[in-house]
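Enquirer: The following block contains a protein sequence and its predicted model.
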Protein chains: 2
Amino acid sequence: MVNYPHHIIRKQSQPAQAVKTTNFANRGMSFEAAINATNSFYLARQIAVIHKKPTPVQIVKVDYPKRSRAKIVEAYFRQASTTDYSGVYKGHYIDFEAKETRHKTSIPMKNFHAHQIEHMSQVLKQKGICFVLLHFSALKETYLLPASHLIRFYRIDNGGKSMPIDYIKKNGYSVRESVFPQIPYLDIVDKNILGGD
Amino acid sequence: MVNYPHHIIRKQSQPAQAVKTTNFANRGMSFEAAINATNSFYLARQIAVIHKKPTPVQIVKVDYPKRSRAKIVEAYFRQASTTDYSGVYKGHYIDFEAKETRHKTSIPMKNFHAHQIEHMSQVLKQKGICFVLLHFSALKETYLLPASHLIRFYRIDNGGKSMPIDYIKKNGYSVRESVFPQIPYLDIVDKNILGGD
């Protein structure tokens, strides 16, 4: 949930040893945390405004104790009807989902829900820029796959089984992880989606 | 939280008496519900993909009962660091906040938090389309005020006191409420912001 520039500043003042390793996981950082740090970097440098949406929660019961703040005492997780990340980059609407797998040759399609696929399809119709970031933790590899190719695979396969890494490599782009920012996915958007906009 | 097309369909089959009154409040609908219904309309007609973000909640404790779904038993409301609504319309990033007041001549500026103003400023720098929808319930009037004018007023006034309706009328646009969709704010975006894009 760290989304603010001070996080970045702390990173900057870390000792040089962190610079040697280029994979965020080596520094004990999850894929999600690495994306959030990347978004904080983009925000602080005024490159883009992209946020992770809050976890959707169905609130059932709230207590209002005297002299203290409201406390939610019964709530449930709801399934997200959209993707996790969205925002604006050079006027363009950016929308993506991030998924991590320990598998080495494919990613299980159960990672993507029908209404998320539907959402991506709706976004593409509105000319939004939509993709998935896929991280293969065992391989230390990250790919950006345009949503159109995910949707195509989902429809062929009907959401079952797994999407092979070969399909991802063929239709997507490798995101070279770096230290700062960790997952510079907007480089791919610039070069391969906007085409030097 | 109703965000799906079936909501629209139900509206369509309502008796004609609903058509006579043009204000959503007459039909027992809150401003927020009217905006959500408007967004559902836009989504179902493939006009735009705009969603309300989930309420940000800080989850402290979750129970995992056997044979039943996870239950959040301690959580707190967090202050939103962005606006409530965002999405894509004809490739453009759309971002807005909606506020309602019972006052007749102004809206209290305490409705807008410093980090929301900062967020709007960041969105404008990225060439996103950003505004506030302001509903004066006693007057049954709704205005779209571009974020630039809200930010200007906020900085002059330093976030204190109230923004007069005269300022809103001078710098914003009246949104004529209708039945279907209830609050056709994209008409204003088309005519007055995109300029017939």
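Expert: Great, that's in hand. Only a predicted model underlies this, so the values are computations on that prediction, with no experimental measurement involved.

Enquirer: what is the mean pLDDT for the longest helix along chain A?
Expert: Longest helix in chain A, counting residues (DSSP state H): helix A:31-44. Averaging pLDDT along helix A:31-44 gives 96.

Enquirer: Stretch A:188-197 now?
Expert: Here stretch A:188-197 scores 84 as its mean pLDDT.

Enquirer: cool, stretch A:67-87 as well?
Expert: pLDDT averaged over stretch A:67-87 gives 92.

Enquirer: export that stretch as CSV, just CAs?
Expert: The C-alpha trace of stretch A:67-87 is given here as CSV (Å, rounded to 0.1, in the frame of the first residue of the first chain):
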residue,chain,number,x,y,z
ARG,A,67,-14.4,9.1,20.9
SER,A,68,-12.7,6.8,18.5
ARG,A,69,-12.9,6.2,14.8
ALA,A,70,-15.4,3.9,13.0
LYS,A,71,-14.4,0.2,13.1
ILE,A,72,-15.5,-2.3,10.5
VAL,A,73,-16.3,-5.5,12.3
GLU,A,74,-17.8,-7.6,9.6
ALA,A,75,-16.8,-7.4,5.9
TYR,A,76,-16.0,-9.8,3.1
PHE,A,77,-13.7,-9.7,0.1
ARG,A,78,-15.5,-9.1,-3.2
GLN,A,79,-14.2,-10.2,-6.6
ALA,A,80,-12.8,-7.3,-8.5
SER,A,81,-14.9,-6.5,-11.6
THR,A,82,-12.0,-4.5,-13.2
THR,A,83,-8.3,-4.7,-13.3
ASP,A,84,-6.0,-3.7,-10.4
TYR,A,85,-4.2,-0.7,-11.9
SER,A,86,-5.3,2.3,-13.9
GLY,A,87,-4.3,5.8,-14.6
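
Enquirer: and that stretch, which residues are buried?
Expert: Residues of stretch A:67-87 classed as buried by neighbour count (16 or more other CB atoms under 10 Å in any protein chain shown): A:71-73, A:75, A:80, A:82-87. Just so you know, the C-beta spots here come from the backbone N, C-alpha and C atoms, and that holds for glycine as well.

Enquirer: swap in stretch A:42-57?
Expert: Residues A:42-43, A:47-57 are the ones in stretch A:42-57 that count as buried (16+ other CB under 10 Å).

Enquirer: farthest pair in those?
Expert: Spatial extent of the buried residues of stretch A:42-57 (CB to CB) is set by the pair A:Ile47 and A:Val57 at 30.5 Å.

Enquirer: Chain B versus A:Ser174, what's the distance?
Expert: Separation of A:Ser174 from chain B (CB to the nearest CB, to the nearest Å): 26 Å.

Enquirer: In this structure that residue contacts A:Tyr143, no?
Expert: Yes. Counting by CB atoms under 8 Å, A:Ser174 does reach A:Tyr143; the two are 5.9 Å apart.

Enquirer: Compare those two (neighbour count), which wins?
Expert: A:Tyr143 (21 against 12; other CB atoms under 10 Å in any protein chain shown).

Enquirer: tell me what the strand or helix carrying that one is packed against?
Expert: Using DSSP states H and E, A:Tyr143 maps to strand A:141-146. Under the contact criterion of 3 or more CB pairs under 8 Å, 6 or more residues apart in numbering or on different chains; DSSP states H and E, strand A:141-146 touches strand A:129-136, helix A:165-171, strand A:173-174.

Enquirer: hey, which of those is tucked in deepest?
Expert: When those are scored by mean count of other CB atoms under 10 Å in any protein chain shown, the highest mean neighbour count falls to strand A:129-136 (a mean of 24).

Enquirer: The longest strand along chain A close to chain B?
Expert: Criterion DSSP state E: the longest strand present in chain A is strand A:92-101. Yes. Strand A:92-101 lies within reach of chain B by CB under 8 Å from any CB of the partner chain, at A:92-95.
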